[in-house]
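Visitor: Here's a sequence, model it:
(one chain, ligands or ions: 1)
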Amino acid sequence: MAENIKDRTIRIGTRGSKLALWQAEHTAEKLQAAGFKTELVIISTKGDQVLDKSLDKIGSKGVFTEELEVALREGQVEIAVHSAKDVQSSIPADLELVAFMEREQVNDVILSFDPNFRLERESNAVIGTSSTRRRALLKKYYPNISTAESRGNLQTRLRKLEEKQFDALMLAYAGVVRMGYDNLIVHTFPEDEFVPAAGQGSVAIECAKNLEPELKKGLKQALNHTQTHVCLLAERAFLRTMEGGCSIPSFALARLTDEGVSITGGIVSLDGQTLLQETLEGPTFTAEELGEELANIILNQGGAEILKSIRAEREE
Ligand SMILES: NCc1[nH]cc(CCC(=O)O)c1CC(=O)O
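Guide: I've put the predicted structure just below:
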């Protein structure tokens, strides 16, 4: 039976950006090492097509995933490869996340073509970012910094940096190192101050729920990283309970500890004035409960108010 499964070619649905292709090829290599045949199927998403609007204006739900999910459903591909950070916190009932691949370093970083660029607390540099979380955290910790929109794939953003549309660019280390731009890193933010977005640095593998159980098992064995999986369960439960989505300045990072798993998470108001952040720890089998509990604590501390005012602002 297992033999038959490996005769199947796994069609891997992916976006066409360079980072997405890196992740898809990385997935293909792992599958090949486990004995599967693979094929990449490139699918363009709304997030790739609409580049003149910031993400929170396109609508946060599945901008980078929807078209891939259609392909899964219609049986054009066996799996879809996503940046875990881009996957909505609740996925459709007929689909499932079958694996989370081993996480890269989770930090946010600053890139500049000037190796002497220094990020100081009183800096008044202009930083390119299109993330509400990064913008709000910069306001909190670096009040004199201003930010500029930098939508588009990494290559587009680097071109904007080269054209001096801003002084430096803020990105996730994971994408930067995967693209080989780590030589441009001039600052690495500590992860306890700039807590990353839920899922940052991990690759999530999605499939149809009705895929053959044997095949699913094979995919999981080849691709899932157990420690990352536990952390992502906690972070995604946090995100789901916050009803956040990628356009909300919430953040969550789980880590394995001697005791089990710890999760740090919270939310920051858009003006950076209010930062709510807490840490919970418990046994690994409670990962999801910890994420939910943490979100409820943050919501009760004032997080619900922050969400409400962000939504009201968006509606204007
Ligand atoms: N939608 C943007 C996105 N999705 C995943 C990554 C980076 C790689 C990762 O976090 O896994 C990025 C770019 C960034 O935040 O710098």
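Visitor: how far out from the middle of the chain is the helix or strand hosting residue 234?
Guide: Assigned by DSSP states H and E, residue 234 belongs to helix 226-242. Per C-alpha atoms, centre = their mean, to the nearest Å, the displacement of helix 226-242 from the mean C-alpha position of its chain is 12 Å.
Visitor: on contacts alone, who are the packing partners of it?
Guide: Packed against helix 226-242 by the contact rule (3 or more C-beta pairs under 8 Å, 6 or more residues apart in numbering; DSSP states H and E) you find strand 95-100, strand 250-256, strand 261-268, helix 287-298. Every residue, glycine included, has its C-beta placed from N, CA and C.
Visitor: ok, so what distance separates the residue most central in space within the chain from the ligand?
Guide: In the chain, the centroid-proximal residue (C-alpha atoms, centre = their mean) is residue 85; its distance is 1.7 Å. Per C-beta to the nearest ligand atom, to the nearest Å, residue 85 is found 5 Å from the ligand.
Visitor: Does that residue touch residue 199 like I think?
Guide: Yes: counting by C-beta atoms under 8 Å, residue 199 is a contact partner of residue 85 at 4.1 Å.
Visitor: Next up, the contacts around the closest residue to the ligand within the stretch 201-316 of the chain.
Guide: Per C-beta to the nearest ligand atom, residue 201 is where the stretch 201-316 of the chain lies closest to the ligand, at 4.8 Å. By C-beta atoms under 8 Å, 6 or more residues apart in numbering, the contact set of residue 201 is 84-85, 103-106, 172-174.
Visitor: Among those, name the ones in strands.
Guide: Among the contacts of residue 201, the residues falling in strands (DSSP state E) are residue 172.
Visitor: Going by neighbour count, which of the contacts of residue 201 are buried?
Guide: 84-85, 103-104, 106, 172-174 (16 or more other C-beta atoms under 10 Å).
Visitor: Out of these, the closest to residue 188 would be?
Guide: For those, the closest approach to residue 188 (C-beta to C-beta) belongs to residue 173, at 6.9 Å.
Visitor: list the contacts for that closest one?
Guide: 104-109, 182, 185, 188, 201.
Visitor: Report the separation between it and residue 12.
Guide: Counting by C-beta to C-beta, to the nearest Å, the gap from residue 173 to residue 12 is 24 Å.
Visitor: Checking residue 303 next. Helix, strand or coil?
Guide: With DSSP: H, G, I helix; E, B strand; the rest coil as the basis, residue 303 sits in helix.
Visitor: Now do it against residue 108, distance only.
Guide: Residue 303 is 21 Å from residue 108, by C-beta to C-beta.
Visitor: go on, residue 235?
Guide: Remark: distance between residue 235 and residue 108 (C-beta to C-beta) = 16 Å.
Visitor: just residue 36 next, same as before
Guide: Here the criterion is C-beta to C-beta. By it, residue 36 lies 34 Å from residue 108.
Visitor: neighbour-wise, which of those two wins?
Guide: Ranked by neighbour count (other C-beta atoms under 10 Å), residue 36 and residue 108 place residue 108 first, with 28 against 21.
Visitor: That one against residue 195, yeah?
Guide: No: using C-beta under 8 Å, residue 108 is not in contact with residue 195; the gap is 9.3 Å.
Visitor: Tell me the buried residues in stretch 192-203?
Guide: 194-203.
Visitor: and the helix or strand harbouring residue 157, what other elements does it pack with?
Guide: Using DSSP H and E, residue 157 maps to helix 154-162. When contacts are defined as 3+ C-beta pairs under 8 Å, 6+ apart, helix 154-162 sits against helix 18-33, strand 126-128, strand 168-172.
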